[in-house]
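A.B. asks: 3D model of this:
(2 chains)
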Protein chains: 2
Amino acid sequence: MKESVFDAFFAPEAIVLFGSVKAGKIGYEILKSIREGGYEGKVYPINPGGGEVIGYPVYRSLDEVPEKADLAVISLPQRAVAETIVECGRQGIRAVIIISSGFSEVGNDQAEKELVKAAQAWGIRLIGPNCAGLMNPWRRHFPSIEVRALPGHTAFITQSGALGGATLGWAEERGFGFSKFVSYGNRCDVGDTELLSYLADDPETRVIVLYIEGIDRGREFLRAAREASLKKPLIAIKSGRTRAGQRAASSHTGTLAGVDEIYNAAFRKAGIIRVEGIEEMFDLCQAFSECPLPAGNRVAIITNSGGPGILAADKAESLGLNVAEPSSSLRDALKPSLSPHSSLKNPIDLTVESGYEEYRLAVEKALLEYDAAIVINVATPYLDSNGIARGIIDAAQKARKPVVTNFMAGRIVREAIGILKEAGLVNLATGERCSFVLSKLLERSKALGRIPVSLLDSCIPHRQNSLRERRFSGGFPLHSLIEKAKEDNPHLLEPEALRLLHDYGIPVPRHRWARTEEEAVEAAEAMGLPVVLKVVSPDILHKTDLGGVALPLQDRNDVAKAFTRLISLGQDGKRIEGVLVTPFQSHDIELLAGMVRDAQFGPVITVGLGGIWVEILGDAVYGIAPLSIEESEEMIRSIRAYPLLLGLRGKKGADLRALGELLVRLSRMALAESAIREIDLNPIFPLERGFFIADARIIL
Amino acid sequence: MKESVFDAFFAPEAIVLFGSVKAGKIGYEILKSIREGGYEGKVYPINPGGGEVIGYPVYRSLDEVPEKADLAVISLPQRAVAETIVECGRQGIRAVIIISSGFSEVGNDQAEKELVKAAQAWGIRLIGPNCAGLMNPWRRHFPSIEVRALPGHTAFITQSGALGGATLGWAEERGFGFSKFVSYGNRCDVGDTELLSYLADDPETRVIVLYIEGIDRGREFLRAAREASLKKPLIAIKSGRTRAGQRAASSHTGTLAGVDEIYNAAFRKAGIIRVEGIEEMFDLCQAFSECPLPAGNRVAIITNSGGPGILAADKAESLGLNVAEPSSSLRDALKPSLSPHSSLKNPIDLTVESGYEEYRLAVEKALLEYDAAIVINVATPYLDSNGIARGIIDAAQKARKPVVTNFMAGRIVREAIGILKEAGLVNLATGERCSFVLSKLLERSKALGRIPVSLLDSCIPHRQNSLRERRFSGGFPLHSLIEKAKEDNPHLLEPEALRLLHDYGIPVPRHRWARTEEEAVEAAEAMGLPVVLKVVSPDILHKTDLGGVALPLQDRNDVAKAFTRLISLGQDGKRIEGVLVTPFQSHDIELLAGMVRDAQFGPVITVGLGGIWVEILGDAVYGIAPLSIEESEEMIRSIRAYPLLLGLRGKKGADLRALGELLVRLSRMALAESAIREIDLNPIFPLERGFFIADARIIL
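C.D. replies: From the prediction side, this is the model:
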């Protein structure tokens, strides 16, 4: 018996297999897979029919099995699964894989709940149901119905068994191996979160890949992923991006796919690298398994042919790599040994007249001044590609910098690619793909230097403490303000919203809640004209649309008239609770900041261009709360309009630190006040010092 | 002897081959390729050494050759090439391929000019030099050093011989064939333009692919490409997008890569489909060779596995395909025959329990209401993928709509993919790639209905005529205005620029060129205050930066003061020629329109967001002059800020027709007035009726 339940799943000493083992049945396929995979432990098929199958005696019941197994695999009809779990519990089995389907994926949530209940009662952990099983190729352990994986260094966790199977098929064709494979199907118990923690410490695993359709317990997932990503690269394929994709996801697994932008923000926070599909994934897994991380973004592209070198260079630059010119000393070092037709720019074009020595020299010298190299060999039938491969290997092994190769194409380079692979070099199908993987190696290299350890955990208590202090010292019962508002209104009145923001340390404009014309005029004169008047009403959320805003008001008379007009908006029965008076301010740049609460990841903070630009340009970025000041500033830097904030054409720049602080505080407030559903500060005018929140909406 | 010189290149009856035919030499490789390829005509190697090689007698000179050849292939050292061309000319050969290098690609432009001179003197056409030769697999004609192509329906024209070779290597691995292959190297004579015209009428060619690093004679190329694209799909891989890529391109072939955006505009105009790399290219060639074009954008995705279906749906929607829900009648038609766990949304998930009949039925019924289908089969070892393939074939052959399949993965679907291919169905590596090719089939389908035949040709005379009429009837000597200005100034003065725009039918604001304070005041009052005053000076192009603009001026006094200040800008010796008075206007949306003159494609018109947004958002689109009104309106629709022009939040929309007309007229003016180098109308305020050009610059 294994101590950790994950050891029981991935390296059991004895397995019991429940289900029909007649040829063609899934139970039979699993048994065959276990056997043909070369499993070294014991396997006990269990079926009331008894008999023998492919050399194994079939036991009529679990009681008959002569030893204690540590893993059970169940491929029985749906109705028999729950009772089998109980049987396993009685016999001390703690790890169960349920291949059987017919549970929540077809709407039968009740049956699935019963599985979980039975398992919890017996301290059993479940993988599945409706899954394709798992594999540990290093242990020759294949309780699965899919193509058996070769041993390798990539762990693959998949929500879709079929996609997992397809990936295994592809991998087999390419000789690509896996350290672990898990299809968790409906994920009624063990899911990504725990698997990530386990695989992060698994010695055979160098890279972890997740295929995700939807996540539950999003914040737990984030925490586990963040920790794992500090140890190993995490790559995710997340489907369900667009409208049609999301619809299919909800019908397929019963999980609700989140808004794609929010997933991106969550992945960023957790250090997960998102890829578009299986091909990118394979490329990255190879690179992360074999390549050292680059210390900078300078890439040398070495080629014997112009065209493919250019395509690689184009891609590299578009991904933020620096395809810098070689130094004059590098050029001097290369010139004497190369063909006179060589181009000593970058790409460095060695021309078709180069072999072992030219490649070796060029790669070796280039890696003295570049952080990484892409080496391309466009072969012709009469070229010694094996020699070129050896030249690259000899140079790369000296350098301890990432070198990715692209030998093209087909039959004439097959042997050379084998030589490269043997030496631990990664060869990809095109130079563009080489650029892509280098950009991701660089991204990870940056991230490892940047993700603060335990950021989420350290942030939350800190925030809560400081808030509690403030509440009691300031004496203002924030929560009760919200409680009170909730009774009647779906949103805070604007003066309440400003008060709440203020109490979370967010600077708000001077303002006064005026109930009478006299109060309004007096407030306007006190704060200095021109001013803005806005109607305050629990029944009016979109004030502008209803004529509920009057601006700019230049004198007493304007203010008095505006007051009368705004109050008259109550004629049709809307409750009017006076007006809000604030100074008038305008600005040619309008920002917005806000919060939406995601079902999986909790409060998500957004910042972007405001005003009319919101809808047109969608220039907004998202971040999962809580935000550190570094994360907030990074968000601001990544909005498209960022250069505007730096001050163009002689204008002064905006106060970026203040805007960063605003996001940090919004994120804390959103975490603390869970009754707030949405915050919308729009527009915000960025000032040379601070900012001016021209409108604030808080929805409960 | 062949009548057309292209027939002599691609289907010669006899070939002479100049060059060393010693084993290992390029001449030897070419001879071997011709022989092993199974060429049925005569081949005469020529080398002063004589003798015999791989069964061919070697002739000591061209004179000794017993018959008239129609094609010569030259693989001699550079210095011997020109005289050999003369020899060929004397013997009546009119088609010559020059494999030899050492010409303009290494800076030896003079030697290349001599080739061209010799060829022109004898009426000879050249392909090369510095090229990899050509192939016509349908004639078993392989005068080339590269991997021999299988016969197929894609013609491949490549500027880079090496990239061409790599493509052939890939193709061989995939069993992908070609109708023609041409590597034209330095393109000293025959280039894309003529090859396009030839291949457009070549019966074996269904798709034409171009690998381009740079283009010369851009407008000729456009005209040939546009005509060819009406007959066959044209696909281009254009390298040299980013900074590094462009640098390499200029060192590689001596051609200057144009600005990427301009290439995109040119390709759009010519109906060329641009792809990123070789993999996309292969996918598209297969689809264009085999699939009918869709009549609309509704795509059914039929799968037996959720995950891959979702990924395909995501991609499809992101590319503008419509992954619409099935109608209830389609659902009703399918439901009785499918597994109860099937999902009848889109993707239609048949589940793993489906085979021949389920796939046949689903594809057949879906194609009754969708324009195209993506059919995915994620195989497991125990699934009958061959049966599924046959089901899809039986349904697809009935429908005459595009059906693209994705069978995954590896060994277990190899046979089924063969069955699909045999039946003329296209199988791609992922569902996402299926979405990509369908989006491009759709694009072509749209383009064929939309590209007006001979647009360029019909536009130019029309424009010139109408302008000539206008000039002479209006009596205003436009050209002389520019001629006059050019003498002293690199740009027109703003009043001159407005005059020029006006005379090309572009509405400009009321304005007056005032030389005295009195004139300025009088003009201001005549056109109505407030007004703007701008300094007029041949020495001041960027007026705002120097304080050369005064606005808004509310009364006579303001105008008088502003006049004095603006005139004083001449204190440091700048020539001041009075001020321009125009009405003051402001607007929250600022557009720009302009023109730059590209060395290859001539005048390129641009439109986009103006003001501070130009630099930040780069929201500009480009179009090659002349523009039709349809093209202009399409450009305006494709700027990101387009929704703003439709009128947001109750605001009135802009006059899109007037903006479209502006671009049309700008494009005509730019073609007619070749002395204009650049036009910059920025900002332009889009109005409910017409527009207001607030600033105009015309650079000569």
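
A.B. asks: which residue sits closest to the residue positioned nearest the centre of chain A, ignoring its sequence neighbours?
C.D. replies: Residue closest to the mean C-alpha point of chain A, counted by CA atoms, centre = their mean, is A:Phe267 at 1.9 Å. Spatial nearest neighbour of A:Phe267, excluding adjacent residues (CB to CB, 6 or more residues apart in numbering or on different chains): A:Arg274 at 5.1 Å. Using the backbone N, CA and C atoms, a C-beta is placed for each residue, glycine as well.

A.B. asks: That neighbour: helix or strand, and which one exactly?
C.D. replies: Using DSSP states H and E, A:Arg274 sits in strand A:272-275.

A.B. asks: quick one, whichever helix or strand comes after that strand and helix B:278-290 angle?
C.D. replies: The helix or strand immediately downstream of strand A:272-275 is helix A:278-290, counting by DSSP H and E. Between helix A:278-290 and helix B:278-290, the angle comes out at 160 degrees (axes from the mean of the first three to the mean of the last three CA atoms, to 10 degrees).

A.B. asks: so the residue nearest to the centre of chain A, which of the three states?
C.D. replies: The three-state assignment at A:Phe267 reads helix, by DSSP: H, G, I helix; E, B strand; the rest coil.

A.B. asks: I'd like the distance between it and B:Pro143.
C.D. replies: Counting by CB to CB, to the nearest Å, the gap from A:Phe267 to B:Pro143 is 53 Å.

A.B. asks: For A:Leu644, report the pLDDT, please.
C.D. replies: At A:Leu644, the pLDDT value in this model is 82.

A.B. asks: That one touches A:Ile589, doesn't it?
C.D. replies: Yes - at 5.5 Å, A:Leu644 and A:Ile589 qualify as touching, with contact defined as CB atoms under 8 Å.

A.B. asks: Now find how far off-centre the host helix or strand of A:Lys440 is within its chain.
C.D. replies: According to DSSP H and E, A:Lys440 maps onto helix A:431-450. Counting by CA atoms, centre = their mean, to the nearest Å, helix A:431-450 is centred 16 Å from the centre of its parent chain.

A.B. asks: Would you mind listing the buried residues in stretch A:345-358?
C.D. replies: Across stretch A:345-358, burial judged by 16 or more other CB atoms under 10 Å in any protein chain shown covers A:Lys345, A:Asn346, A:Pro347, A:Ile348, A:Asp349, A:Leu350, A:Thr351, A:Val352, A:Ser354, A:Gly355, A:Tyr356, A:Glu358.

A.B. asks: right, is that stretch up against chain B?
C.D. replies: Yes - with CB under 8 Å from any CB of the partner chain as the criterion, chain B is reached by stretch A:345-358 at A:Lys345, A:Asn346, A:Pro347, A:Asp349, A:Val352.

A.B. asks: and the residue nearest to the third one when sequence neighbours are not counted, how many neighbours?
C.D. replies: Looking back up the chat, that one is A:Pro347. With CB to CB, 6+ apart as the criterion, A:Pro347 has its nearest non-adjacent residue at 3.3 Å, and that residue is A:Gly309. Neighbour count for A:Gly309, taken as other CB atoms under 10 Å in any protein chain shown: 35.

A.B. asks: List the residues that contact A:Gly309.
C.D. replies: With contact taken as CB atoms under 8 Å, 6 or more residues apart in numbering or on different chains, A:Gly309 is in contact with A:Ile301, A:Thr303, A:Pro347, A:Asp349, A:Ile376, A:Gly431, B:Ala248.

A.B. asks: Let me know the pLDDT of A:Arg637.
C.D. replies: So A:Arg637 comes in at 91 (pLDDT).

A.B. asks: coming back round to it: which pair of the buried residues of stretch A:345-358 spans the longest distance?
C.D. replies: A:Lys345 and A:Tyr356 (23.0 Å; CB to CB).

A.B. asks: Helices along the stretch 101-250 of chain A, start to end?
C.D. replies: Secondary structure of the stretch 101-250 of chain A (DSSP state H, counting those that start in this stretch): helices located at A:109-121, A:161-174, A:192-200, A:218-231, A:243-253.

A.B. asks: near chain B, anything from the first one?
C.D. replies: Spelled out, it's helix A:109-121. No - Helix A:109-121 stays out of contact with chain B when judged by CB under 8 Å from any CB, the minimum separation being 14.1 Å.

A.B. asks: What distance do you get for the residue nearest to the centre of chain A to A:Phe601?
C.D. replies: Counting by CB to CB, the gap from A:Phe267 to A:Phe601 is 10 Å.

A.B. asks: likewise A:Leu234?
C.D. replies: Relative to A:Phe601, and taking CB to CB, A:Leu234 is found at 16 Å.

A.B. asks: more crowded one of those two?
C.D. replies: Comparing A:Leu234 with A:Phe601 by other CB under 10 Å, the one with more neighbours is A:Leu234, at 28 against 23.

A.B. asks: still on that earlier bit, quick check: which of the buried residues of stretch A:345-358 has the minimum pLDDT.
C.D. replies: Scoring the buried residues of stretch A:345-358 by pLDDT puts A:Val352 last, at 82.

A.B. asks: Near the residue lying closest to that residue once chain neighbours are set aside, how many other residues are there?
C.D. replies: In this structure, A:Val352 finds its nearest non-sequential neighbour in A:Asn304, 5.5 Å apart by CB to CB, 6+ apart. Using other CB under 10 Å, A:Asn304 has 28 neighbouring residues.

A.B. asks: wait, what's in contact with A:Asn304?
C.D. replies: A:Asp349, A:Leu350, A:Thr351, A:Val352, A:Ser354, A:Ile376, A:Asn377, A:Val378, A:Ile388, B:Ala162.

A.B. asks: Break chain A down into its domains, please.
C.D. replies: Annotated domains of chain A cover A:5-284, A:291-450, A:456-508+A:585-700, A:510-582 [automatic domain parsing].

A.B. asks: okay, how far is it across the last one, tip to tip?
C.D. replies: This stretch, domain A:510-582, spans 6 Å end to end (CA to CA, to the nearest Å).

A.B. asks: Check the longest one too.
C.D. replies: Length of domain A:5-284, first residue to last, CA to CA: 30 Å.

A.B. asks: Now it: average pLDDT?
C.D. replies: 89.

A.B. asks: now what about the strand holding A:Arg274, what contacts it?
C.D. replies: Residues contacting strand A:272-275 (CB under 8 Å, 6+ apart): A:210, A:225, A:229, A:233-238, A:263-264, A:266-267, A:281, A:284, A:440, A:443-444.

A.B. asks: switch to 10 Å and redo it
C.D. replies: For strand A:272-275, contacts defined as CB atoms under 10 Å, 6 or more residues apart in numbering or on different chains pick out A:196, A:207-210, A:212, A:221-222, A:225-226, A:228-229, A:233-238, A:260, A:263-264, A:266-268, A:280-285, A:288, A:436, A:440, A:443-444, A:447.
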